[in-house]
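In: Here is my input, please return the structure:
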Amino acid sequence: MGKFTKSLRDTGIGIAWPASQFTCPIGVLTSVQRRYRITNKTSDRPNGYAASPQLDSNSVPFPTVTCPVGEASPQFSSNSVPVPPVPCPVEDSHGPCPVAKASRTIRKPMRPPYTPVVESLPATTPFVGPEALVRRTGRAIDLRLGANESPFGPSPNAVKAMQEQAAISQFYGDPECFLLRSELAAQLGVGIENISVGAGVDELLGLCCRLFVDPETPIVTTLGSYPTFDYVALACGAVFHYVRYANEALDLGALTELAKVTAARILYVANPDNPSGSWHTPEEIAELRQHLAPNCVLLLDEAYADFAPGTPVLDTSDPQVIRLRTFSKVHGMAGMRVGYVVAHADHVRALDKIRLHFGVNCVAQAGALASLQDSEHVANVVRESEKGRIELAEFFDTKGLRSLPSYTNFLTVDVGSKPRAEAILSRLLQRGVFIRKPGMPPLDGCIRVTIGRPEQRAKFAEVFEEVLIRV
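Out: Residues are numbered from 1 along each chain as shown. Next up, the predicted model:
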């Protein structure tokens, strides 16, 4: 009579059976969630198949799971759905095997659990992008003055370099960012081993947190300062301790004291600060550093450093200070996502263990390198930003509104109260003007406006005057 070989794969259907065992009258062995080949030797049965099939040498034994005769269909859990019957691999003159009559189910997939840290996080983002606002309101944005992007754009040399690189972007970028790091090291007066490049300051903040933060690790910062730092640190399980702004600026003394009391692993300072615009001199930062506990790292976010008057000394021999900078502001390359760390060589080597080595694409690397080498463009952006900052502050002064001192490319303006600030934002957005405001007291009664080009400032002033009389 012959030899019968069949794989359950041939049925085309995956089966999820209940845990109970059933006995088939013809002795068919069937795998419930595996695919093994069955070989039935000849026998004296009419169709030539043995009542108890044997496994050939290429098969693995599996438990007997067969269908009931004269019993009710097996019960399945509520998260299962029925599927069509599966033909029995052996049929004979006794008729179809009851396996084909029994219910079969496929269990619905269940989500594996996230880590406790991720489960505890709220569904939030640090900023709502202007594109999301357009989708939400259906109103186009004519003046984009809310994200502190450079209104002057990137250097023409950077644009040319990026266009040329884009033409050969089928190739990966240099994972070591060697040319860009070399130029940064030369301009900053440090070694290339003290520079690490990443996809913007935001990514680098997250990587620095991964270096030093475990669940329940204490961190100290200013309530309402750059919120993305809170966002990435909370994702590591950090516990935050906050100091409030004092006189609309960072309170360095209170930050230092709280870092000692809480045994903080990281003290985060944005200098110049966002959203206040305040700035502390290199001497003040050096004094803060002297009061740090030995196990505390000063994470110094200097995204707006190019607009500040002082030039700090970069001491890369100090393992307790990590500086972060970006090409998003003065270089006008926010959309390309390039930032860098200046730090002790040990920290750079540690970042190499966890960073995404191809995270900064070849186009971004080419543009950043060309922008660094165009010092005239950078200097012009700084001059025009300072001029625009003065003019915009004078405009607000004529409206009876006080601007906070700023060492950045934006102005933070006190409009009196949080509800009024929110109303101004809403009405400006209805007119196609996008700005932002600080989220936490005591600055939540302020608005924040990016310094635009002269024609942008004129248009903003026109719309703002019309809005102001209605709030």
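In: going forward, measure contacts and count neighbours with C-alpha atoms only.
Out: OK.
In: Just the element for residue 369, please.
Out: Per DSSP states H and E: residue 369 is located in helix 362-372.
In: packing partners for that helix?
Out: Helices and strands touching helix 362-372, by 3 or more C-alpha pairs under 8 Å, 6 or more residues apart in numbering; DSSP states H and E, are helix 156-166, helix 178-188.
In: Can you check which helix is longest in this protein?
Out: Ranked by residue count under DSSP state H, the longest helix found in the chain is helix 375-398.
In: strands paired with whichever helix or strand comes after that helix, and their directions?
Out: Proceeding N to C from helix 375-398, the next assigned helix or strand is strand 402-403, under DSSP H and E. Partner strands and pairing direction for strand 402-403 (DSSP bridges) are strand 410-414 (antiparallel).
In: Contacts for the strand it pairs with next, please.
Out: Under the contact criterion C-alpha atoms under 8 Å, 6 or more residues apart in numbering, strand 410-414 has outside partners 148, 275-277, 389, 392-393, 396, 401-406, 437, 443, 445-451.
In: For that strand, the averaged confidence score.
Out: On average, the pLDDT along strand 410-414 is 98.
In: How about stretch 142-154?
Out: Confidence for stretch 142-154, expressed as mean pLDDT, is 97.
In: Any idea what the closest residue to residue 446 other than its chain neighbours is bridged to?
Out: Spatial nearest neighbour of residue 446, excluding adjacent residues (C-alpha to C-alpha, 6 or more residues apart in numbering): residue 414 at 4.3 Å. Beta-bridge pairing of residue 414 under DSSP bridges involves residue 402, residue 446.
In: Can you give me the distance of residue 414 to residue 421?
Out: Residue 414 sits 8 Å away from residue 421, going by C-alpha to C-alpha, to the nearest Å.
In: Find residues that contact each of these two.
Out: In contact with both residue 414 and residue 421: 445, 446, 447, using C-alpha under 8 Å, 6+ apart.
In: Most neighbours among the residues you listed, please name it.
Out: Highest neighbour count within these, by other C-alpha atoms under 10 Å: residue 446, with 31 neighbours.
In: can you pull the contacts of that residue?
Out: Each residue near residue 446 by C-alpha under 8 Å, 6+ apart is listed here: 412, 413, 414, 415, 416, 417, 418, 421, 437, 438.
In: Next, the contact list for the fourth one, please.
Out: Meaning residue 415. Residue 415 makes contact with 401, 402, 421, 445, 446, 447 under the criterion C-alpha under 8 Å, 6+ apart.
In: Any chance of these in TSV with distance to residue 269 and pLDDT as columns?
Out: Shown next, in TSV, are these (distance: C-alpha to C-alpha, whole Å; pLDDT from 0 to 100):
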residue	distance to residue 269	pLDDT
401	28	98
402	25	97
421	26	98
445	22	97
446	21	98
447	21	98
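In: For those residues, work out which two are farthest apart.
Out: Farthest apart among those by C-alpha to C-alpha are 402 and 421. That separation is 13.3 Å.
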